[in-house]
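Asker: One predicted model, sequence on top.
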Amino acid sequence: MYNFKKKWGITLTNIKENKLKLYGFNNLTKSLSFNIYDICYTESEEDRKKYIEYIDEQYNAERLTKILTDVTESIGASVLNIAKQDYDPQGASVTILISEEEVPLYVLDTSCNRGIISPSRENIVGHLDKSHITVHTYPESHPQNNISTFRVDIDVSTCGTISPIKALNYLIDSFDSDIITIDYRVRGFTRDVDGRKHFIDHEINSIQNYISKETINRYHLIDMNIYQSNVFHTKMRVKDINLNNYLFEIKEEDLSELQKESIIKMLNKEMTEIFYGMDIPNV
């Protein structure tokens, strides 16, 4: 049997301890992707509309930009360009082009704004690079069962020595996260001066290695990893449902025991369906 761990143990030791000399730039691409879901019980059509408005206000493009610029700083990168947009009737998007090191002004593309948002233009060009951060929000309601959900998709992709995985705990804590799906992948390879390829430059056998113990204790977690391809996948579902945290415009003390039981059942069903990616028939 191929001793995969032994092979990578040698590679990691060479890179970390012996300060392996590379031929050119470390062009490994490390990509971290999040799907974060917030679940809420909204009793009426009016409540559902208010919930969407609340989410749009709480997580508008300006606040999302602040979150992503904090992520950029936390992983040791520099902002090159920011594009952001609030959508009608709901949702927002932010894209940040980043670099491992600060780019001198004299070599910076004139279309980049370094985070200083200029007046809107009729034509906007979006920058795509190996190093970028994006976020998109998807608030929605489900009138069939009075459940509303808020989904956030976040992608952090870097190249070089900086790693997006450093931003894990900050991103989890930045949102009300009931269900979290995380994918982490290292792509490409970099060469040493002897011409040998290296397909990863850090140790990892699970995304959970980088999640704080306090956070792990709050969630049920499952892993699906493909070590040979440097692909890592973790799903998280919050363990405890404190009903007051899931009620919008109503309070737990105003509900009967039967109502509480019914709402918790609906919340659990929604979380289970999202966690396992499948519809569950009503019994």
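Answerer: Thanks, I have it.
Asker: Which parts of this structure are strands?
Answerer: Taking DSSP state E as the criterion, the chain carries its strands at 29-42, 78-86, 92-99, 132-142, 147-159, 179-187, 190-191, 197-198, 219-223, 231-238, 247-248.
Asker: Would you mind listing the buried residues in stretch 224-242?
Answerer: 225, 230, 232-238 (16 or more other CB atoms under 10 Å). (Each C-beta comes from the backbone N, C-alpha and C, glycine too.)
Asker: Stretch 270-281 too?
Answerer: Residues of stretch 270-281 classed as buried by neighbour count (16+ other CB under 10 Å): 270-271, 274-275.
Asker: For the stretch 151-283 of the chain, which segments are assigned as helices?
Answerer: Secondary structure of the stretch 151-283 of the chain by DSSP state H, counting those that start in this stretch: the helices cover 168-173, 213-216, 257-276.
Asker: most tightly surrounded among these?
Answerer: Greatest average neighbour count among these goes to helix 168-173 (a mean of 18), per mean count of other CB atoms under 10 Å.
Asker: Using PDB, write out the CA atom coordinates for that helix.
Answerer: This file holds the C-alpha atoms of helix 168-173, laid out as PDB (Å, rounded to 0.1, in the frame of the first residue of the first chain):
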ATOM      1  CA  LEU A 168     -12.000  30.000  10.100                       C
ATOM      2  CA  ASN A 169     -13.000  31.000  13.600                       C
ATOM      3  CA  TYR A 170     -13.500  34.700  12.800                       C
ATOM      4  CA  LEU A 171     -15.900  33.900   9.900                       C
ATOM      5  CA  ILE A 172     -17.900  31.400  12.000                       C
ATOM      6  CA  ASP A 173     -18.300  33.900  14.800                       C
END
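Asker: so what secondary structure elements neighbour that helix?
Answerer: strand 29-42, helix 61-74, helix 213-216 (3 or more CB pairs under 8 Å, 6 or more residues apart in numbering; DSSP states H and E).
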